[in-house]
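Trainee: have a look; sequence and predicted model below, questions after that.
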Amino acid sequence: MRICVYCASSQECDPHYHEVAFRLGSLLAEGGCSVVYGGGSAGSMGAVANGALSAGGEVIGILPKFMADLEWGHPGLTRLELVEDMRERKHRLLTGSDAVIALPGGCGTLEELFEALTLKRLGLYFNPIILLNTRGFYTPLQSFMEDVIGQRFMNHEHLGMWSLVDAPEEVLPTIQATPRWREDARTIAVVRR
C-alpha cells in the first residue's frame, strides 16, 4: 500500500508528537507500506520518514522547489521528487495513495486534510482518511465537524469520511477495516432536507 501522510515540520511542539510520528513511520514500513509525504526533514515530517527508513521502508518525499532551495528536504529518502508549487505537491501526494493519515499539524496539514475530505465528499477520492489523535489533538476538530453536520452544512453520512484513532498501532487495522467510500458519493454531496 502507498500511504499518504500529512504532518508538520514544527520542532517547537511537544516532542511526544515526534515520537508518535516516528513510531507510525516504523509501523507503516513494518506493515509493508510505502510512505509518501511532504519531503521535509524537520519535526513530525522528519520523524515519520526516519521511522519508516529505520524499518527498511520506502519513503517518497514530494517537495516544492522553493523548499529545496531553502534546504528543507530530507537527504536520506528513497526518492525526493521536486515539484513546482504547493498545489502540485498536494495533487502528487494524494494521487495513487491507498489511504491518508493526518498527524497533528498547523495550517498546511489542515489544508491538506480538508482538501482530501472535500474530494472524498465529491466522489473524487474513495480511500480511508485517518486522523491520528495524539494527545487529543483532533478531538476539537471532531466536535467542530459534528457541529458542521448538526448545523446542516454537511449530511450525517459525511461523518463516515474519516476515522479518528488515538495510537499509531490502530492506524493500519483501521485502514484495513475501512471500506471503500460510497460510489454514490455525489448523490449525498449536496445537503438534503
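Mentor: Alright, I've got the coordinates.

Trainee: and Ala68, what does it touch?
Mentor: Contacts here follow Cβ atoms under 8 Å, 6 or more residues apart in numbering; on that basis Ala68 touches Leu80, Leu82. To be clear about C-beta, it is placed using only N, CA and C from the backbone, and glycine gets the same treatment.

Trainee: if I look at it, how far off is Asp85?
Mentor: Counting by Cβ to Cβ, to the nearest Å, the separation of Ala68 from Asp85 is 12 Å.

Trainee: for Thr187, same thing?
Mentor: For Thr187, the distance to Asp85 (Cβ to Cβ) stands at 34 Å.

Trainee: please apply the same query to Glu12.
Mentor: Distance, Glu12 to Asp85, by Cβ to Cβ: 26 Å.

Trainee: cool, and Glu146?
Mentor: The value you get for Glu146 to Asp85, if Cβ to Cβ is used, is 34 Å.

Trainee: with Pro179 instead?
Mentor: Counting by Cβ to Cβ - Pro179 and Asp85 are separated by 34 Å.

Trainee: picking that back up, who has more neighbours, Glu146 and Asp85?
Mentor: The residue with more neighbours, out of Glu146 and Asp85, is Glu146; 13 against 10, by other Cβ atoms under 10 Å.

Trainee: the helices in this structure, which residues?
Mentor: Applying DSSP state H to the chain gives helices spanning 15-30, 43-54, 65-69, 86-94, 107-121, 139-150, 171-177.

Trainee: deepest in the core, which of the ones you listed is it.
Mentor: Across the helices of the chain, averaging neighbours per residue (mean count of other Cβ atoms under 10 Å) puts helix 43-54 on top, at a mean of 24.

Trainee: against which helices or strands is that helix packed?
Mentor: Applying 3 or more Cβ pairs under 8 Å, 6 or more residues apart in numbering; DSSP states H and E, one finds that helix 43-54 contacts helix 15-30, strand 34-37, strand 59-64.

Trainee: avg pLDDT for it?
Mentor: Mean pLDDT, computed over helix 43-54, is 98.

Trainee: try stretch 141-153
Mentor: Rounded mean pLDDT across stretch 141-153 is 97.

Trainee: contacts for it next, please.
Mentor: Leu131, Asn133, Met154, Asn155, His156, His158, Leu159, Leu164, Val191.

Trainee: could I get these as JSON lines with distance to Glu111 and neighbour count?
Mentor: Shown next, in JSON lines, are those (distance: Cβ to Cβ, whole Å; neighbours: other Cβ atoms under 10 Å):
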{"residue": "Leu131", "distance to Glu111": "14", "neighbour count": "25"}
{"residue": "Asn133", "distance to Glu111": "19", "neighbour count": "20"}
{"residue": "Met154", "distance to Glu111": "18", "neighbour count": "20"}
{"residue": "Asn155", "distance to Glu111": "23", "neighbour count": "14"}
{"residue": "His156", "distance to Glu111": "25", "neighbour count": "12"}
{"residue": "His158", "distance to Glu111": "19", "neighbour count": "19"}
{"residue": "Leu159", "distance to Glu111": "21", "neighbour count": "13"}
{"residue": "Leu164", "distance to Glu111": "19", "neighbour count": "15"}
{"residue": "Val191", "distance to Glu111": "23", "neighbour count": "12"}
